[in-house]
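Participant: Here's my sequence, what's the structure:
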Amino acid sequence: MKPFSGVFTPIITPFGSDGAIDEAGMRGNVTRWMATPLTGLVVLGSNGEAVQLEDAEADWVIDIVRSAVPRDRPLIAGTGRESTAATISATRRAAAAGVDAALVRTPSFFTSQMTTEVFVRHYTEVAEASPVPVLLYNVTAYTGVSLSADAVETLALHPNIVGIKESGNDVGLIAEYIARTPDEFTVLAGSGATLFQGLCADCDGAVLALASLAPREVVSMEVLMDQGRLEEARALQRRLMPLARSVGALHGVAGLKAALELMGFAAGPPRPPLRPVSAQTIDLLSEQLDALGFLEKA
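Facilitator: Take a look at the predicted model:
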């Protein structure tokens, strides 16, 4: 078994009407997810609005989630920051709080200067300083930068860099990551809209917002693929596609939070400058969830 293979979901950070973190709601959410076949959770990913949190808030969120996740279920924390030093500090704090691995997004503010050489140096320094394994995190839709296959091939040789989450829909890039890294290096799909294609390319699992809403179905797709039942897996992808798009590229974090609220999870509004979705979008999400049988009948 490769390290951190399987199906994870990047959990939201629920906020109250006053904008404060909803600790009780977060604990309740984690308890629900831990009753599903998910491999584990990712806290403080993009869907956790990590960039919207102060460092003290981020550290508190990790403490809350770690205390609610059983030790035999892996917990990964997003620790990426814009500077290498800040990333190392956040990673060390997360490790001290008991996370099992750090998911480190690409720095991106100085976009034009984020070369392969810069990324290799940044991630190498973070990995050298990290007490826990490091997963690379490529999320070009948000950062505007991308880890090249050359960079990933080099970084995959570091003993403390164990994998990558690729959040885009470029299955060709995913396939190149897989082809150019060692067998023990874990490649995780990050787009629910192309999960089937990612698994066909031999991804080792996924980190999906969709899995917050449909954990059993996403895990089932991985099982179907492992068993060679491609037509059933393809049919399941088709069923999940409208919802995957809604909580992915179309409506993002705000859409995911609205969908979770409809399913009885604690979510609250996204933190400004993000805004809640419209009433029309909530109606659409309700229709999509109902079509999948995810809403309780009155």
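
Participant: now Arg98, nearest residue through space, not along the chain?
Facilitator: Careful, residue 98 is Gly; it's not Arg. Arg66 (4.7 Å; Cβ to Cβ, 6 or more residues apart in numbering). For the C-beta atoms, the positions are set from N, CA and C on the backbone; glycine is no exception.

Participant: Tell me which helix or strand the one you found sits in.
Facilitator: For Arg66, the host element (DSSP states H and E) is helix 55-68.

Participant: Can you give me the buried ones in stretch 251-269?
Facilitator: 251-263, 265-269 (16 or more other Cβ atoms under 10 Å).

Participant: next one: stretch 105-114
Facilitator: Those would be Arg105, Thr106, Pro107, Ser108, Met114, for stretch 105-114 by 16+ other Cβ under 10 Å.

Participant: and the residue nearest to the last one when sequence neighbours are not counted, how far is that from Phe119?
Facilitator: Put plainly, it is Met114. For Met114, ignoring the flanking residues on the chain, the nearest one in space by Cβ to Cβ, 6+ apart is Val145 at 4.6 Å. Using Cβ to Cβ, to the nearest Å, Val145 is found at 8 Å from Phe119.

Participant: What about Ala179, how many residues nearby?
Facilitator: 11 (other Cβ atoms under 10 Å).

Participant: Same question for Thr84.
Facilitator: The burial count for Thr84: 17, using other Cβ under 10 Å.

Participant: Which residues are in contact with it?
Facilitator: Residues counted as contacts of Thr84 (Cβ atoms under 8 Å, 6 or more residues apart in numbering) are Pro107, Arg121, His122, Glu125, Val126.

Participant: Next up, the contacts around the last one.
Facilitator: If a contact means Cβ under 8 Å, 6+ apart, then Val126 has Thr84, Thr87, Ile88, Thr91, Ala102, Val104, Val134 as its contacts.

Participant: Can you list the residue ranges for helices in the protein?
Facilitator: 23-34, 55-68, 84-96, 116-129, 140-143, 149-155, 171-179, 195-200, 210-213, 215-226, 230-245, 252-262, 279-291 (DSSP state H).

Participant: Please produce a markdown table containing those helices, extended by distance to Ile164 and mean pLDDT.
Facilitator: Output for these, formatted as a markdown table (distance: least, Cβ to Cβ, whole Å; pLDDT from 0 to 100):
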| stretch | distance to Ile164 | mean pLDDT |
| --- | --- | --- |
| helix 23-34 | 23 | 98 |
| helix 55-68 | 21 | 98 |
| helix 84-96 | 16 | 98 |
| helix 116-129 | 10 | 98 |
| helix 140-143 | 13 | 95 |
| helix 149-155 | 6 | 98 |
| helix 171-179 | 6 | 96 |
| helix 195-200 | 12 | 96 |
| helix 210-213 | 18 | 98 |
| helix 215-226 | 18 | 97 |
| helix 230-245 | 21 | 97 |
| helix 252-262 | 21 | 98 |
| helix 279-291 | 30 | 98 |
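
Participant: Lys2 is nearest to which of those helices?
Facilitator: helix 171-179 (11.4 Å; Cβ to Cβ).

Participant: Distance from that closest one to the middle of the chain?
Facilitator: Put simply, helix 171-179 sits 18 Å off its chain's centre (Cα atoms, centre = their mean, to the nearest Å).

Participant: surely the residue nearest to Gly98 meets Leu75?
Facilitator: Yes - contact criterion Cβ atoms under 8 Å: Arg66 and Leu75 qualify, at 5.9 Å.

Participant: Look at those two and report which has more neighbours.
Facilitator: Per other Cβ under 10 Å, whichever of Arg66 and Leu75 has more neighbours is Leu75, with 24 against 19.

Participant: I'd say that one and Ser67 touch.
Facilitator: No - applying Cβ under 8 Å as the test, Leu75 and Ser67 come out as separate, 10.3 Å apart.

Participant: which residues are common contacts for these two?
Facilitator: Contacts common to Leu75 and Ser67, judged by Cβ under 8 Å, 6+ apart, are absent.

Participant: now Ala209: how far from Ser286?
Facilitator: Taking Cβ to Cβ, one finds Ala209 at 17 Å from Ser286.

Participant: same thing with Gly198?
Facilitator: 28 Å.

Participant: Look at these two and report which has more neighbours.
Facilitator: Under the neighbour definition other Cβ under 10 Å, Gly198 and Ser286 were set side by side, and Gly198 has more, 27 against 16.

Participant: so Gln237 sits right up against Met221, yeah?
Facilitator: Yes - using Cβ under 8 Å, Gln237 is in contact with Met221, at 6.8 Å.
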